[in-house]
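Trainee: Structure of the sequence below:
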Amino acid sequence: MTKDQIIDFFQLQKDISSKPLKPIYLMYGEESYLHNIILDNFKAYFSKNRQYVNFETFYGANIDVNRLSNSIRTLPLGAAKQVIVIKQIEKIKAFHIEKIDSLINNHSFLDDSLMVLLLSFNKKMPANLSLKKIRQFGVIVSLQKPKSFQTKQWINLKCRENHKEILPEAVYYLQRLTENDLGLINNEMEKLFCYLGESSSRIRKEDVVNNFFGAEEGNIFDFVDAVGERKTQTALRLLKKLEEGEYHSLSLLAMISRQIKMILLTKLYDGDQKKIKGELHLPPFVIDKLIKQSQEYRLDKLKSAYRNLLDAEIKLKTGYFNPVLVLEQLVVRITE
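Mentor: Residues are numbered from 1 along each chain as shown. Alright, predicted model coming up:
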C-alpha cells in the first residue's frame, strides 16, 4: 500500500460530499474528534440522500463476533443499507481478528447493501488486520492531527458554512489558544457563533480572545505584547489580572521568555520578513508586530533580559520568593 493510496481527513470529507461511497473504509489515528466528525458526515450523507440505513456498532475488546457475523450476512430489512461500525480495532484479540478478516474477505461487496467502517485509535495503520479486501473495494484513511494550514482551511470552511467571515488574526489566536486541537477549536467556534448570533458576520481577534478568556479578564496576548512594546505600566496591570486568574507563575514566565526569544530572533535577522517567517513560521501580521517590538530593544538590553529571565526562573522554582513580586520585578527590569 503506497502513501498515495491513503487519504486524509480533508480528502475523505470531500469524497463523501462529491463521490459515490465505497463499501468499506479503514480509518486510523489518535484524533478521536476526527473519528466522530467522519461518522457524523456519513450519517449526514444518508440523511441528505433520504436513505434509511441500519447502523450497528461493535467495540474492540468486547466484540461479539457471532452477532457481527449475522449482521454482515443478513440483508437489511426495511432499509437501503446495513452499516457496520467496528471501533477500537487495536483492542480486538488476535483470534477474533482472524474471524473478522475471514468475514470481510469472504463477503463479495458487489451489491450495495453493506458498508463496513473500521476504526482504530492507533497512530499507525493496524498491523493485525488484513488489507486485501480494503485495497480492492475500499479506502484507507489516516486521521492524524491536522497540520496548521489544514486547520486554517477547516476553520474558514466552517465559518463560511455559518455565514461568517473570520479575519486572519482571529484564526491565528484561535489556533494558539487551542494548540491547534480540532475538537477544542470546534467547541470555541460553536460558542462564537452563538455569542455573535446575527449581530456580526465578522469574527475578529477580540471576539476570539474575549470568548475564550471572558471580556473582563486581561489576556496573555495583550500582556506579552505590552512587554514587547516596553509599556511597563500596561504590562504590570495585565499581569495583575492574569495572576488573579488561573495562570501559573511558570506559565507566565514561559510566555515572557517566548516573546523575548522571538524579538531577539527578529532583531538578529534585521527585520528580514522572509527569514523570520522561515524560522518562526508566523503569519505576516505577527511578524510586522515583532519587527516593531524589536525596534524598542537594543541587543544588550535583550541579553540582559535573558539574564533576568534565568534569575526569575531560579527564584520561582526554589519556592523561597513571592511569585507575584518575582514576575513584577522581571517585567520592570525587561521593559524599563
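Trainee: Where does the prediction get shaky in the chain?
Mentor: Scanning the chain for pLDDT under 70 picks out 1-4, 214-218.
Trainee: any idea how it splits into domains?
Mentor: Per automatic domain parsing, the structural domains of the chain span 3-142, 148-213, 220-335.
Trainee: Mind telling me what element the closest residue to V326 other than its chain neighbours is part of?
Mentor: Distances taken as C-beta to C-beta, 6 or more residues apart in numbering place K315 nearest to V326, at 4.9 Å, with adjacent residues excluded. (Glycine included, C-beta is placed from N, CA and C.) Assigned by DSSP states H and E, K315 belongs to helix 299-318.
Trainee: That helix - contacts with which helices or strands?
Mentor: Helices and strands touching helix 299-318, by 3 or more C-beta pairs under 8 Å, 6 or more residues apart in numbering; DSSP states H and E, are helix 249-268, helix 323-335.
Trainee: rewinding a little: isn't the residue nearest to V326 right next to F321, touching?
Mentor: Yes - the pair K315 / F321 is scored as a contact, 4.3 Å apart, by C-beta atoms under 8 Å.
Trainee: So for these two, which sits in the more crowded spot?
Mentor: K315 (20 against 14; other C-beta atoms under 10 Å).
Trainee: Next, count neighbours for the residue nearest to Y45 when sequence neighbours are not counted.
Mentor: The shortest distance from Y45 to any non-neighbouring residue, by C-beta to C-beta, 6+ apart, is to I16 (5.4 Å). For I16, the neighbour count with other C-beta under 10 Å is 15.
Trainee: hang on, I16 in a strand?
Mentor: No - using DSSP: H, G, I helix; E, B strand; the rest coil, the secondary structure at I16 is helix, not a strand.
Trainee: so it sits right up against K43, yeah?
Mentor: No - using C-beta under 8 Å as the test, I16 is too far from K43 to be in contact (10.4 Å).
Trainee: roughly how far apart are K231 and Y45?
Mentor: Separation of K231 from Y45 (C-beta to C-beta, to the nearest Å) stands at 53 Å.
Trainee: same question but for L265, I mixed them up
Mentor: 47 Å.
Trainee: same check, this time on D311
Mentor: In this view, D311 and Y45 are 59 Å apart by C-beta to C-beta.
Trainee: now do L325
Mentor: Separation of L325 from Y45 (C-beta to C-beta): 59 Å.
Trainee: likewise L114?
Mentor: 16 Å.
Trainee: go on, G183?
Mentor: Distance of G183 to Y45, given as C-beta to C-beta: 22 Å.
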